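> I would like the atomic coordinates for the input below:
(chains A and B)
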Amino acid sequence: MIQSLRGMNDILSEDYERFEYFIATASTIAKRYGFHYIETPLLEETALFKRSVGESSDIVGKEMYQFIDKGENDVCLRPEGTAGVVRAFIQHKLDKKGGIHRFYYHGPMFRYERPQKGRLREFHQFGIESFGVASVYEDALMIMMVSDILTALGIGYRLKLNSLGDQHCMPAYREKLVSFIDSCGDAICGDCERRKLTNPIRVLDCKNEHCQSLYLNAPKLIDHLCEGCQSDFETLKSILDQHAIAYEIDTNLVRGLDYYSKTAFEFVSDNIGSQSAIAGGGRYDRLIEFLDGKPTPAVGFALGIERLMELIVMPESVREGYYFGAMDETAIKPILLAAEKARRNQKAVVEYKPRKLQDHLKGADRINARYCAIIGENELNQNSIWVKDLVEKNEKLIPLNEFFA
RNA sequence: GUGGAAUUAGCUCAGUCGGUUAGAGCAUCAGGUUGUGGUUCUGAGGGUCGUGGGUUCGAUUCCCAUAUUCCACCCCA
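From the prediction side, this is the model:
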């Protein structure tokens, strides 16, 4: 038997209903905030991700589905959504056009990782990217949108907040931190040794208890922000306070993609296992110029749809449409015609097999139909159709010419 | 990429200290209660016990490999 590739799942029936409900809910909210849908290719030039996400990141360094295509192009399946949207933004010269451009997208992403619950090789993200707004109010808007989406879906969360600083304060902090790590000598774990070279800020959230005890006195990024970053961070906090969005400052929160600066945030759930980050994002003011565009401030986020799936509280399903059934072989033709009529503006499902009334009612119930419409011997004699409303529990005999009118 | 656990019917799971026809609940299908569901009664079908090797008179059970899922690390959405 041929089965799907490891970490790649089919989404069907009830799961797809959830999936679809999520997309509909999130899209509606994004549109209300003035965002427009953007669709970008799943396959992009490998260089795009190397330059944006960063070669030091695990995503680019070891998790990309990368290959040479028949035209000798070095390409890969997108491991995340921002790079492609930024590429499109620049390619269509929206950076030169100026103004504000707000996009939302959703679709599959691919990372060659070891699968686990909430961590798939093909997974789906819903994301937002906003270009041209430097104000920290837009950062707050991002967080409010995620909060709105999660709330609409009945999902509880914790919000972690941090500021990563910008090109004025980050490099100096990084140096300070590295020299602090050096002062710890050989006491740190192997992972931290590696992180010191690739992404030193990562040592701060090392799970090793011994390391943590060493880092208690480590310099904190939040204490070394420049004036601009500091005041933006204060503004952000006050806006969130004003909108009653609870947050916790996590000075160890670091985004794994290299393009982030200033505001960084992560929404986590305590109910889905170790892969607990359900949404993450932040500001990336430098990325557009890194990709040869005109410098443009930008901020965005992405939600991991699979991680939300089991947390979504679905609205109570409502009965809708018709179930049609015949109680006698000769009644099937009028039943088919009646179904065709009903289907013009609602769901209509036909059971072809002649059955007893009780079995038809069960069938109607099973597909969650609102009406059970039956033609049997009595109806044939009276040239009518029997319709029962399964919600109101009332029933009536409708002459066929009236039903078709 | 590292370490660990699991894999038996469509689903959730029993069970076999290696021995005739491998079980339950739910689901499915069929039939009954003179044409009234979601909350009846009776019965039936459905499993090469993840896959491939090995040991054995005999393996679903023991051993090895492999696949997948899950847990922790790692990473991140």
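> name the SS class of A:Val318, please.
coil (DSSP: H, G, I helix; E, B strand; the rest coil).
> can you give me the helices for the stretch 301-405 of chain A?
A:305-309, A:332-342, A:357-366, A:377-382, A:400-404 (DSSP state H, counting those that start in this stretch).
> deepest-packed of those helices, please.
Per-stretch averages of neighbours, counted by mean count of other C-beta atoms under 10 Å, single out helix A:305-309 among the helices of the stretch 301-405 of chain A, with a mean of 22. C-beta here means a position set from N, CA and C on the backbone, and glycine is covered the same way.
> distance to A:Ser135 and mean pLDDT for the helices of the stretch 301-405 of chain A - can I get that in TSV?
Listed next are these as TSV, based on distance: least, C-beta to C-beta, whole Å; pLDDT from 0 to 100:
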stretch	distance to A:Ser135	mean pLDDT
helix A:305-309	29	94
helix A:332-342	53	94
helix A:357-366	54	91
helix A:377-382	67	92
helix A:400-404	60	94
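> got the ones you listed as CSV, with distance to A:Glu266 columns?
What follows is the helices of the stretch 301-405 of chain A, written out as CSV (distance: least, C-beta to C-beta, whole Å):
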stretch, distance to A:Glu266
helix A:305-309, 12
helix A:332-342, 49
helix A:357-366, 42
helix A:377-382, 61
helix A:400-404, 57
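> show me the one of the ones you listed that comes nearest A:Gly34.
If you check each of the helices of the stretch 301-405 of chain A against A:Gly34 by C-beta to C-beta, helix A:305-309 wins as the nearest, at 22.3 Å.
> who in the stretch 151-300 of chain A is up against RNA strand B?
Neighbours of RNA strand B within the stretch 151-300 of chain A, by C-beta under 7 Å from any atom of the strand: A:191, A:195, A:202, A:206-208, A:255-257, A:266-267, A:273-280.
> now the buried members of those residues.
Judged by neighbour count, with 16 or more other C-beta atoms under 10 Å as the criterion, the buried members of these are A:195, A:202, A:206, A:255-257, A:266-267, A:275-280.
> out of these, who's nearest A:Asp241?
Here the nearest of those to A:Asp241, counting by C-beta to C-beta, is A:Phe267; it sits at 17.4 Å.
> residues contacting the closest one?
A:Val146, A:Leu150, A:Tyr157, A:Arg158, A:Leu159, A:Lys160, A:Ala277, A:Ile278, A:Ala279, A:Gly280 (C-beta atoms under 8 Å, 6 or more residues apart in numbering).
> just checking, it is part of a strand?
Yes - following the definition three-state DSSP, A:Phe267 is counted among the residues of a strand.
> follow-up on the earlier one: can I get the buried ones among the residues of the stretch 151-300 of chain A next to RNA strand B in CSV including pLDDT and distance to A:Phe49?
Compiled in CSV, those are given as follows (pLDDT from 0 to 100; distance: C-beta to C-beta, whole Å):
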residue, pLDDT, distance to A:Phe49
A:Arg195, 76, 21
A:Arg202, 76, 19
A:Cys206, 73, 26
A:Arg255, 73, 15
A:Gly256, 68, 13
A:Leu257, 75, 10
A:Glu266, 96, 21
A:Phe267, 96, 24
A:Gln275, 92, 21
A:Ser276, 93, 25
A:Ala277, 95, 20
A:Ile278, 95, 23
A:Ala279, 96, 21
A:Gly280, 95, 17
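> pick out whichever of those sits closest to A:Val349.
A:Ile278 (36.0 Å).
> before we move on, what SS does the closest one have?
Looking at A:Ile278 with three-state DSSP, the answer is strand.
> my guess is it contacts A:Gly156. True?
No - judged on C-beta atoms under 8 Å, A:Ile278 makes no contact with A:Gly156 at a distance of 10.3 Å.
> shared neighbours, the two?
Contact with both A:Ile278 and A:Gly156 is made by residues A:Leu150, A:Ser269, A:Leu311, according to C-beta under 8 Å, 6+ apart.
> which one of those has the most neighbours?
The residue in the shared contacts of A:Ile278 and A:Gly156 with the most neighbours, by other C-beta atoms under 10 Å, is A:Leu150 (23 neighbours).
> which secondary structure elements does the longest helix anywhere in chain A sit against?
When chain A is scanned for its longest helix (criterion: DSSP state H), the result is helix A:13-32. The helices and strands touching helix A:13-32, judged by 3 or more C-beta pairs under 8 Å, 6 or more residues apart in numbering; DSSP states H and E, are strand A:101-110, strand A:122-131, helix A:136-152, helix A:305-309.
> repeat that for 7 Å
In terms of contacts (3 or more C-beta pairs under 7 Å, 6 or more residues apart in numbering; DSSP states H and E), helix A:13-32 is packed against strand A:101-110, helix A:136-152, helix A:305-309.
> contacts for the second one?
It stands for helix A:136-152. For helix A:136-152, the surrounding residues in contact (C-beta atoms under 7 Å, 6 or more residues apart in numbering) are A:25-26, A:29-30, A:33, A:128, A:130, A:157, A:159, A:232, A:235-236, A:239-240, A:243, A:245, A:263, A:265, A:267, A:279, A:281, A:283, A:299-301, A:303.
> weed out the non-buried ones from these.
When neighbours are counted using 16+ other C-beta under 10 Å, the contacts of helix A:136-152 contain these buried positions: A:25-26, A:29-30, A:128, A:130, A:157, A:159, A:232, A:236, A:239-240, A:245, A:263, A:265, A:267, A:279, A:281, A:283, A:299-301, A:303.
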